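A.B. asks: got a predicted model here, sequence first, then my questions.
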Amino acid sequence: MLILTKQTVTNNLSPHNPPAARCTSGETVIFETRDCYDDRLMGDGAVIEPEKALENPATGPLYIEGAQPGDVLKVHIDRIAINPTGLMRASVSGGAFNDLVKTRKVRQFDTTGEYIQFTDKIKLKIDTMIGVIGTAPHTDTVMTHTPGSHGGNMDCNKIVAGSTLYLPVNVPGALLSMGDLHALMGDGEVMICGLETGGKVTVTVDVIKNYPMPTPALSCRGKFYSIQSANTLDQASRMASRAMLKFLQQVTPMDVYDCAMLLSLAGDLSVCQIVDPQLTVRMGIDQSILDAYEVTLP
Ligand code: CA
Ligand code: CA
């Protein structure tokens, strides 16, 4: 099986990055990823060679043969295996608590079991997700800490093993990269980190032609989401809601009034993260709504 090692990492998603590897549509590939601290932060807070570190590195890019601009890249997350430990670092420079957090305190947790022991009284269930996953933008070079229409640092805690992510193809080969695994992360990511770790992500990639997917879109645990990022949560909320409305109009016989009313009754608008250079929101619907009209996602 093709493996992209964590030697081929980048801190940006760009149409100009040379492919680290090539594969065909339908192929299963492993991405080995560093943690968001470039594997240089230790459990005691020490940092190795900070001057050389990449911020939020992503492994890739992978060139998928046959992927052309206008297509959709289907990325099925087959499996995520994480490192035996995860780290958090209190951020003094942003997030919801920047004025409360005075020092860069680091905590390390054992991630080998089903739970992490947060305090002697609180256990939290591990639910590993991918923070950064995206294709290359059309013309711009976007840093891996920024999400956008190409995906990137969406920090959506529904991008888990078993889910299927749909990303836009903006350039030939799509140029898929990923990194920034979290053993666990709450909606909002309010202190700018999840339980940061590295690992191995096994994905199967397929090129989808001619489908009106509201990318970035995600099928996960019986729900279908459109994930949108913008300068404000208001703007991202509007974009995610409208992307889902347009999709429903295209794949069902319902008109704009019915689609709008349906989303107003049954839409699940949630915050992914409020801490990255663009903010990310997802609009979700229950899979049963698609099933009612025999809409089968590709
Ligand atoms: Ca992130
Ligand atoms: Ca992270």
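C.D. replies: Good, I have the coordinates. The model shown is predicted, which means the values in this text are computed figures rather than measured ones. Numbers count the residues shown, from 1 in each chain. Ligands and ions are numbered 1, 2, ... in the order given.
A.B. asks: pull up the residues of the stretch 101-250 of the chain that are close to ligand 1.
C.D. replies: Neighbours of ligand 1 within the stretch 101-250 of the chain, by C-beta under 5 Å from the ion: G131, N153, D155, D180. Glycine gets a C-beta too; all of them are placed from N, C-alpha and C.
A.B. asks: kindly provide the distance from the second one to A53.
C.D. replies: Yep, that's N153 we're talking about. Plainly put, N153 is 17 Å away from A53 if you go by C-beta to C-beta, to the nearest Å.
A.B. asks: between the two, tell me which one has more neighbours.
C.D. replies: N153 (31 against 16; other C-beta atoms under 10 Å).
A.B. asks: got a pLDDT number for the residue in the chain that ligand 1 sits nearest to?
C.D. replies: Residue of the chain nearest ligand 1, by C-beta to the ion: G131 (3.5 Å). pLDDT recorded at G131 is 98.
A.B. asks: spatially, which residue comes closest to it, not counting chain neighbours?
C.D. replies: Distances taken as C-beta to C-beta, 6 or more residues apart in numbering place D180 nearest to G131, at 3.2 Å, with adjacent residues excluded.
A.B. asks: which residues touch whichever residue of the stretch 151-298 of the chain sits closest to ligand 2?
C.D. replies: The minimum distance from the stretch 151-298 of the chain to ligand 2, using C-beta to the ion, falls at D180 (4.4 Å). Residues near D180 by C-beta atoms under 8 Å, 6 or more residues apart in numbering: T33, D35, C36, N56, A58, I130, G131, V132, T144, N153, D155, E196.
A.B. asks: could I get the residues of the stretch 101-250 of the chain next to ligand 1 as TSV with distance to L4 and secondary structure?
C.D. replies: Output for these, formatted as TSV (distance: C-beta to C-beta, whole Å; DSSP: H, G, I helix; E, B strand; the rest coil):
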residue	distance to L4	secondary structure
G131	17	strand
N153	19	coil
D155	21	coil
D180	15	strand
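A.B. asks: which pair in the residues you listed spans the largest distance?
C.D. replies: D155 and D180 (7.8 Å; C-beta to C-beta).
A.B. asks: joint contacts of the two?
C.D. replies: Shared contacts of D155 and D180, counting by C-beta under 8 Å, 6+ apart, come down to G131.
A.B. asks: returning to that earlier point: which one of the residues of the stretch 101-250 of the chain next to ligand 1 is nearest S264?
C.D. replies: Among these, D155 lies closest to S264 (C-beta to C-beta), at 26.4 Å.
A.B. asks: skipping its backbone neighbours, what lies nearest that closest one in space?
C.D. replies: Nearest non-adjacent residue to D155 (C-beta to C-beta, 6+ apart): Q273, at 3.9 Å.
A.B. asks: and for R40?
C.D. replies: Excluding its sequence neighbours, the residue lying closest to R40 (C-beta to C-beta, 6+ apart) is I48, at 4.5 Å.
A.B. asks: torsion angles phi and psi at the one you found?
C.D. replies: Here is the backbone geometry of I48 (degrees, to the nearest 10): phi -90, psi 130.
A.B. asks: and for it, the neighbour number?
C.D. replies: A count of nearby residues for I48, using other C-beta under 10 Å, gives 12.
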